[in-house]
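Q: Sequence and predicted model, in that order:
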Amino acid sequence: MTTQRASNGQTNGHNGFHSESEPESPTTDITDSSDTSSDIVNGITNGTGSLKLNPRRKMKRKQSSPMMPAFMVSAPGKVIMFGEHAVVHGKAAIAASISLRSYLLVTTLSKSKRTVTLRFPDIDFSHTWNIDDLPWSTFHHPSKKKYYYSLVTELDPELVACIQPFLADVSPDKPAGIRKVHQNSAGSFLYMFLSLGSKSFPGCQYTLRSTIPIGAGLGSSATIAVCMAAALLTQLRAITGPHPDQPADEARLQIERINRWAYVYEMFIHGNPSGVDNTVSTQGKAVVFQRTDYDKPPTVRPLWDFPELPLLLVDTRVPKSTAHEVAKVGKLKQRHPKLVASILDSVDKVTDASAEILTEDDFDTSSEDCLARVGELMTINHGLLVSLGVSHPRLERVRELVDHEGIGWTKLTGAGGGGCSITLLKPGVSRSKLDRLEEQLDEEGFQKFETTLGGDGVGVLWPAVLKNGMDEDEEGGMEIDLDNFLSAEGNEGVERLVGVHGGKGEREGWKFWRVES
Ligand SMILES: Nc1ncnc2c1ncn2[C@@H]1O[C@H](COP(=O)(O)OP(=O)(O)OP(=O)(O)O)[C@@H](O)[C@H]1O
Ligand SMILES: C[C@@](O)(CCO)CC(=O)[O-]
């Protein structure tokens, strides 16, 4: 993905935000000026106990900005069509966004409330920190400070260490495994919040709900990373948000900033992510992704005309950890370097061949021959993943059932070790065969998902008000507040309340960066 510059200082009238270009050097840290320059805040020196009024500073003091209204961001999950695991080792992967999404509600507190709260009801996690107590000086030390436009490719062990005390009282009464997940979520948030934010950051609450099954290979963690990055950058006015007539270059720059910080969040959760999940979740649609040098941004080739493939998505309901599966392949590569390198090369060739087929001008999703060529490559890719040791008996069972009915080609998607499989369905499969398969899957405890591929990436609902074509629209739409967001029942309730589609086409309110050109 290229880093493009937006037109400088241009105001766009949207949200009262301003757009800006990326500075050459970190001289204009918009995240804060008060706590990096000196101890003087509003003319009062702290630390000495003496109170001095400084008239010049007082005059220059910025007018306090009005409190932000509540707003929402949303990001899609993904399927990897080809190249998972190989992509961690510098090979290409093809991934597409799906219509299952995460939704984050951001509410700003009154000025006197100096706390930040993370609320993740899907995993029964909530925690509040005092903003003033957080280790700002360590994160903002000149040797450590990062900026909204920085490219961060590894976590700083000293910074990771300095947030540990703030994880100590996270979910103390939960079982160890769950507590670890909560601490991981809290840690990734704090790392990004402290990197981007400042001591003068407004008190706020981040509440997240998702319709994506967790740890199922559909990129649930990346959607949270993307939502958090987009929310923080929006609060900092480091991105303007999508707006009508936004030049594609400006949209790309903002998408790039979100993606860079989402990657930092993913690093905290996974250790060694390739970045494909957060990239496709940010950008939407479908991409060919490759990261050959971890110190540089990846190469991302968008596939704007990704075909609408007839896919069946099945969740084995076997939970897995991406970090664990990635580490497993890493270990295998260490033990058998040449052999594993040749498997990864083969995966790369499969991905290349499928990118070629999927981008053919005359690719036709109703043609058995077109689908068979892609399907055969999926079967080969799955076989190579099996040889890397990342399948699972339950994934093999789905493949067996599909193969038995002879209705398509199946591979695992994402990290494997459980999670989801995708089946490319043959055209013209009889309803009765499909019904039989679905019944069998149901009987054996698998879960089937309906989803469409290649939808929008990260989006913003500013303010958190939606129009639904209902009565309340006459009064300006329906306000999404914390209570109704938390009490929406299940995935359907969340979709009905805040969904980008709401079941009846795109709703008025959600906006998406348009980067196509
Ligand atoms: N709805 C959610 N609410 C809060 N945290 C979540 C949610 N969904 C995912 N997470 C976080 O993401 C972690 C799961 O990430 P993991 O990478 O293992 O699965 P995935 O992202 O679904 O799969 P993959 O990386 O293979 O696509 C959870 O442990 C949790 O920290
Ligand atoms: C297994 C993996 O290739 C895909 C996870 O969705 C890990 C990664 O790319 O970071």
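A: Structure's in. What do you need? Ligands and ions are numbered 1, 2, ... in the order given.
Q: hey, where'd the helices end up in the stretch 151-300 of the chain?
A: Counting by DSSP state H, counting those that start in this stretch, residue ranges of the helices within the stretch 151-300 of the chain are 157-163, 176-196, 220-235, 248-270, 276-283.
Q: gap between the nearest residue to Leu196 once chain neighbours are set aside and ligand 1?
A: Leaving aside its sequence neighbours, Leu196 sits nearest to Leu232 (Cβ to Cβ, 6 or more residues apart in numbering; 5.1 Å). C-beta here means a position set from N, CA and C on the backbone, and glycine is covered the same way. Leu232 sits 16 Å away from ligand 1, going by Cβ to the nearest ligand atom, to the nearest Å.
Q: quick check, Thr351 in a helix?
A: Yes. Counting by DSSP: H, G, I helix; E, B strand; the rest coil, Thr351 is located in a helix.
Q: Show residues contacting stretch 103-115.
A: Contact partners of stretch 103-115, identified using Cβ atoms under 8 Å, 6 or more residues apart in numbering, comprise 64, 67-74, 128-132, 202-210, 224, 227-228, 231, 234-235, 464, 480, 482, 485, 494, 498-499.
Q: quick one on the thing from earlier: so which of the helices of the stretch 151-300 of the chain gets nearest ligand 2?
A: Closest approach to ligand 2 among these (Cβ to the nearest ligand atom): helix 276-283, 4.7 Å.
Q: helices or strands next to the closest one in the packing?
A: strand 71-82, strand 93-108, helix 220-235, helix 248-270, strand 286-290, strand 299-302 (3 or more Cβ pairs under 8 Å, 6 or more residues apart in numbering; DSSP states H and E).
Q: hmm, 6 Å instead?
A: In terms of contacts (3 or more Cβ pairs under 6 Å, 6 or more residues apart in numbering; DSSP states H and E), helix 276-283 is packed against strand 71-82, strand 93-108, helix 220-235, helix 248-270, strand 286-290.
Q: got the residues of the stretch 301-450 of the chain near ligand 2?
A: Applying Cβ under 6 Å from any ligand atom, we find that the stretch 301-450 of the chain lies next to ligand 2 at Thr322, Val326, Gly414, Ala415.
Q: in the stretch 251-400 of the chain, which ranges drop under the pLDDT threshold?
A: The model of the stretch 251-400 of the chain has no residue with pLDDT under 70.
Q: who in it is up against ligand 1?
A: Residues of the stretch 251-400 of the chain found near ligand 1 (Cβ under 6 Å from any ligand atom) are Ile269, Asp277, Ser321, Thr322.
Q: Could I get the buried residue list for stretch 431-446?
A: Leu437, Gln440, Leu441, Phe446 (16 or more other Cβ atoms under 10 Å).
Q: Residues touching that stretch, excluding its own?
A: Contacts with stretch 431-446, where a contact means Cβ atoms under 6 Å, 6 or more residues apart in numbering, come from Val314, Leu401, Glu405, Ile407, Lys448.
Q: now do 7 Å
A: When contacts are defined by Cβ atoms under 7 Å, 6 or more residues apart in numbering, stretch 431-446 is touched by residues Val314, Asp315, Thr316, Arg317, Arg397, Val398, Leu401, Val402, Glu405, Ile407, Lys448.
Q: of the contacts of stretch 103-115, buried ones?
A: Buried, going by 16+ other Cβ under 10 Å: 68, 70-74, 129, 131, 202-210, 224, 227-228, 231, 234-235, 464, 480, 485, 494, 498-499, out of those.
Q: How about the residue nearest the centre of the chain, nearest residue that isn't a chain neighbour?
A: The centroid of the chain falls nearest to Thr223 when counting by Cα atoms, centre = their mean (2.7 Å). Spatial nearest neighbour of Thr223, excluding adjacent residues (Cβ to Cβ, 6+ apart): Ser102 at 3.8 Å.
Q: do Tyr265 as well
A: Nearest non-adjacent residue to Tyr265, counting by Cβ to Cβ, 6+ apart: Ala225, 3.5 Å away.
Q: ok, so what distance separates Val88 from Ala353?
A: Using Cβ to Cβ, to the nearest Å, we find Val88 at a distance of 20 Å from Ala353.
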